[in-house]
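S.K.: curious how this folds, go ahead:
(2 chains)
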Number of protein chains: 2
Amino acid sequence: MTAMQPIRAKRFHADARVTMSHGGGGRATSELIASVFAPHFANPLLEQGHDAARLDRPAGRIVVSTDGHVISPLFFPGGDIGSLAVHGTLNDVAMGGAQPIALTAAFVIEEGFPLADLERIAASMGEAARRAGVPIATGDTKVVERGKGDGVFITTTGIGVVPDGVEIGPDRLAAGQAILLSGTLGDHGVAIMSQRQGLEFETTITSDSAALHHMVADMVAAVPGIALLRDPTRGGLSSTLNELVEGTRLGVLIEEAAIPVKGEVASACELLGLDPLHIANEGKLVCICEEADAQTLLAIMRTHGEGTDAARIGTVTAEEPGFVRMTTAIGGTRIVDWLSGEQLPRIC
Amino acid sequence: MTAMQPIRAKRFHADARVTMSHGGGGRATSELIASVFAPHFANPLLEQGHDAARLDRPAGRIVVSTDGHVISPLFFPGGDIGSLAVHGTLNDVAMGGAQPIALTAAFVIEEGFPLADLERIAASMGEAARRAGVPIATGDTKVVERGKGDGVFITTTGIGVVPDGVEIGPDRLAAGQAILLSGTLGDHGVAIMSQRQGLEFETTITSDSAALHHMVADMVAAVPGIALLRDPTRGGLSSTLNELVEGTRLGVLIEEAAIPVKGEVASACELLGLDPLHIANEGKLVCICEEADAQTLLAIMRTHGEGTDAARIGTVTAEEPGFVRMTTAIGGTRIVDWLSGEQLPRIC
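M.R.: As a prediction, this is how the structure comes out:
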């Protein structure tokens, strides 16, 4: 509950670690914030130095989304918990059809965590936020005793503004709509699993962690009538699609051959016994739209680095309501159930 | 990153515990949310079933504030981590002069945590939010392995709207302004410490955890020109006042005899070797205003249950810039430094 005030920056020793007093809300907390976070997060909102950051009157309805990040390991090929926490929440806001205008960040740090690692994470968050053009407006820092946490957990919350005329939501789904996927499945989950298990693949697989709101802005501008956007994170594409249709009068039919998966990710999945449909992605979106808009949206997605491999992967159906079915590569059709347990713990 | 969708409620066994699969983002996560959180948080925003909750276009500038809650123990006299997480963030929003319109809640739960305790916390959060008249619009649930967390951590973020004409902020401070305090100091911190140390006092001391935004609404309506509002939480009143003046051309002079402290809290502080000025409060505010408005504001505060003991405790000064001074009960003046370390770890 202490404002992130950029006062009293201090130079810490290279081997310094987080202590309980850094979470006390007194001078040590202010020093930590001023020294480790403020230099990397610098922006006019944060510099208001108030517990609550004040934003201008937004030009539209607002959306809000929050996500706790507990990924392990904290650093991985293609990112770290800091950039992931920024991208993940920006994407949740964008999936509401909104453009993010501010982020907040709350840290729960384990006593003894190296300050150098904390600064590396802060730098990565700051860079991700700057690239995205969205300020980290306010934050909070707590410290828990050694053995009562695991390095650092970061909860980010995003605020966004929905342009007038955009009405994205599950109630907009209808039979016959096209299902688009912005790129390859499984990159994030497989990158994390490979690192955990110490596996080396011929090509290093990196996380797809990326912010998608710029792509979404272009999509929504061209086709304001997009029915639904979702990011297939924890639980993967299978959970995303099952969540949408379970208990409704609609079903989903996807085509295995149309779903983009990188060769090395497919191989790693085989080796690890994983199904790419169940694996978390951190830089992909599912877009459901009228059939007539599908080609326009695919073309727009492909103009963005994050959407190079965009593909149409299926259709919303009136048949088999409540179920996700897949036409397999060998010609049959199978039910795609959602992840029933925890396939990849602490993936985000 | 899974929406808090109110689907598939399930009856858990009374001894059931949180498992890693409850954090996987699949069916078990949805069941946990539907069974434990959704019934207590029920509101139209949450029922949108979207990762990002959509709010109406706000009628003014918005403020946003976030806080991680890691309090130990989770249940304490006068509240628990759930009600605290709601009150704490509502108060941070209110300190911006804003009326809160929505909350988000992100949970990091330790594997093995009793579901019954989680539901008790959810019920308490839901009740605190309903009483406050502010919906929990969206949320997130993560699970970490046993020994990598400590029961449950809750990060809440609040969004509020600032009425036009209200311009509260540290830049509004000026010499001669009056400093008001809404009630007694130290109740929260002493309640927690007593419980941790197994102390029994003649009167049971309870936390002052409470939402202050209704009182703030009345204060701001009567005196839109309030200069500053702050809640003296972690670090206590001493840190709050020191943060305000450090590095500025202003000082603060407070009067020890004017600061309300309950008799049993004062006794407990003596016993525990604590200074009430350093102890966290969770239902108190400091208001800085023009001298001419002080009596009006005190009268308004006293009409609220949370402001019964409101008092004028000091003045902003041009003398001794950068320092907080206190006229002591025996007539001298001493410097009130802020908390340099961690006096009461995990107090919020």
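
S.K.: for my notes, confirm residue A:294 occurs in a helix.
M.R.: Yes - Residue A:294: assigned to a helix according to DSSP: H, G, I helix; E, B strand; the rest coil.

S.K.: for the closest residue to it other than its chain neighbours, give me its contacts.
M.R.: The shortest distance from residue A:294 to any non-neighbouring residue, by Cβ to Cβ, 6 or more residues apart in numbering or on different chains, is to residue A:178 (4.0 Å). C-betas here are computed from N, CA, C, even on glycine. Residue A:178 makes contacts with A:288-291, A:293-294, A:312, A:314-316, as judged by Cβ atoms under 8 Å, 6 or more residues apart in numbering or on different chains.

S.K.: those, buried ones only, as a ChimeraX selection?
M.R.: Selection of buried members from these for ChimeraX, criterion 16 or more other Cβ atoms under 10 Å in any protein chain shown:
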select /A:288,289,293,294,312,314,315,316
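
S.K.: now stretch A:246-263: mean pLDDT?
M.R.: Taken as a whole, stretch A:246-263 has a mean pLDDT of 96.

S.K.: just the CA atoms of that stretch, as CSV, please.
M.R.: The C-alpha coordinates for stretch A:246-263 follow below in CSV (Å, rounded to 0.1, in the frame of the first residue of the first chain):
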residue,chain,number,x,y,z
GLU,A,246,-19.6,-26.2,-23.0
GLY,A,247,-23.3,-25.9,-22.0
THR,A,248,-24.2,-24.0,-25.1
ARG,A,249,-26.2,-25.0,-28.3
LEU,A,250,-23.0,-24.7,-30.4
GLY,A,251,-20.2,-27.0,-31.2
VAL,A,252,-16.8,-26.6,-32.8
LEU,A,253,-15.2,-28.5,-35.6
ILE,A,254,-11.5,-28.0,-36.2
GLU,A,255,-9.2,-29.5,-38.7
GLU,A,256,-5.9,-31.1,-37.5
ALA,A,257,-4.1,-30.5,-40.7
ALA,A,258,-4.9,-26.8,-40.7
ILE,A,259,-3.5,-26.1,-37.2
PRO,A,260,0.0,-24.7,-37.5
VAL,A,261,2.6,-26.4,-35.2
LYS,A,262,6.4,-26.0,-35.7
GLY,A,263,8.2,-29.1,-36.6
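
S.K.: got the buried residues for it?
M.R.: For stretch A:246-263, the neighbour count (16+ other Cβ under 10 Å) marks A:246, A:250-256, A:259-262 as buried.

S.K.: just send those back as a markdown table, with distance to chain B and secondary structure too.
M.R.: Output for the buried residues of stretch A:246-263, formatted as a markdown table (distance: Cβ to the nearest Cβ, whole Å; DSSP: H, G, I helix; E, B strand; the rest coil):
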| residue | distance to chain B | secondary structure |
| --- | --- | --- |
| A:246 | 7 | coil |
| A:250 | 14 | coil |
| A:251 | 16 | strand |
| A:252 | 16 | strand |
| A:253 | 21 | strand |
| A:254 | 18 | strand |
| A:255 | 23 | strand |
| A:256 | 20 | helix |
| A:259 | 19 | coil |
| A:260 | 21 | coil |
| A:261 | 19 | coil |
| A:262 | 22 | coil |
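
S.K.: before we move on, the earlier item: just put the contacts of residue A:178 in CSV and tack on secondary structure and pLDDT.
M.R.: Below are the contacts of residue A:178 laid out as CSV (DSSP: H, G, I helix; E, B strand; the rest coil; pLDDT from 0 to 100):
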residue, secondary structure, pLDDT
A:288, strand, 98
A:289, strand, 98
A:290, coil, 98
A:291, helix, 98
A:293, helix, 98
A:294, helix, 98
A:312, strand, 98
A:314, strand, 98
A:315, strand, 98
A:316, strand, 98
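
S.K.: now the two most distant members of the contacts of residue A:178.
M.R.: The distance between the two most remote of the contacts of residue A:178 (Cβ to Cβ) is 15.3 Å, for A:293 and A:314.

S.K.: where does the closest residue to chain B within the stretch 201-348 of chain A land in three-state SS?
M.R.: Among the residues of the stretch 201-348 of chain A, residue A:234 lies closest to chain B, at 2.6 Å counting by Cβ to the nearest Cβ. Secondary structure, three-state DSSP: residue A:234 is coil.

S.K.: alongside chain B, which residues does the stretch 151-300 of chain A contribute?
M.R.: By Cβ under 8 Å from any Cβ of the partner chain, the residues of the stretch 151-300 of chain A that approach chain B are A:153, A:155, A:157-160, A:162, A:169-170, A:230-231, A:233-235, A:239, A:243, A:246-247, A:278, A:280.

S.K.: can I get the buried part of these as one ChimeraX selection?
M.R.: A single ChimeraX command selects the buried members of those (16+ other Cβ under 10 Å):
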select /A:153,155,157,158,159,160,162,169,170,230,231,233,234,235,239,243,246,278,280
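
S.K.: in which helix or strand does residue A:188 reside?
M.R.: helix A:187-197 (DSSP states H and E).

S.K.: and the gap between residue A:123 and residue A:39?
M.R.: Plainly put, residue A:123 is 9 Å away from residue A:39 if you go by Cβ to Cβ, to the nearest Å.

S.K.: those two: who's more crowded?
M.R.: Taking neighbours as other Cβ atoms under 10 Å in any protein chain shown, residue A:123 and residue A:39 compare with residue A:123 leading, 18 against 14.

S.K.: what mean pLDDT does the helix or strand where the more buried one lies have?
M.R.: Using DSSP H and E, the element containing residue A:123 is helix A:115-132. Here helix A:115-132 scores 97 as its mean pLDDT.

S.K.: other SSEs contacting the next helix or strand after it?
M.R.: Per DSSP H and E, the first helix or strand lying C-terminal to helix A:115-132 is strand A:136-144. In terms of contacts (3 or more Cβ pairs under 8 Å, 6 or more residues apart in numbering or on different chains; DSSP states H and E), strand A:136-144 is packed against strand A:53-55, strand A:99-110, helix A:115-132, strand B:61-69, strand B:152-162.

S.K.: now those as a markdown table including distance to residue A:327?
M.R.: Listed next are those as a markdown table, based on distance: least, Cβ to Cβ, whole Å:
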| stretch | distance to residue A:327 |
| --- | --- |
| strand A:53-55 | 47 |
| strand A:99-110 | 36 |
| helix A:115-132 | 37 |
| strand B:61-69 | 45 |
| strand B:152-162 | 42 |
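
S.K.: residue A:271 and residue A:199 touch, don't they?
M.R.: Yes - using Cβ atoms under 8 Å, residue A:271 makes contact with residue A:199 at a distance of 7.5 Å.

S.K.: am I right that residue A:87 is in contact with residue A:210?
M.R.: Yes - judged on Cβ under 8 Å, residue A:87 makes contact with residue A:210 at a distance of 5.8 Å.

S.K.: common neighbours of those two, please.
M.R.: The contact sets of residue A:87 and residue A:210 overlap at A:282-283 (Cβ under 8 Å, 6+ apart).

S.K.: end to end on stretch A:273-286, go ahead and measure it.
M.R.: Stretch A:273-286 has its terminal residues 24 Å apart, counting by Cα to Cα, to the nearest Å.

S.K.: alright, that wraps it up for me.
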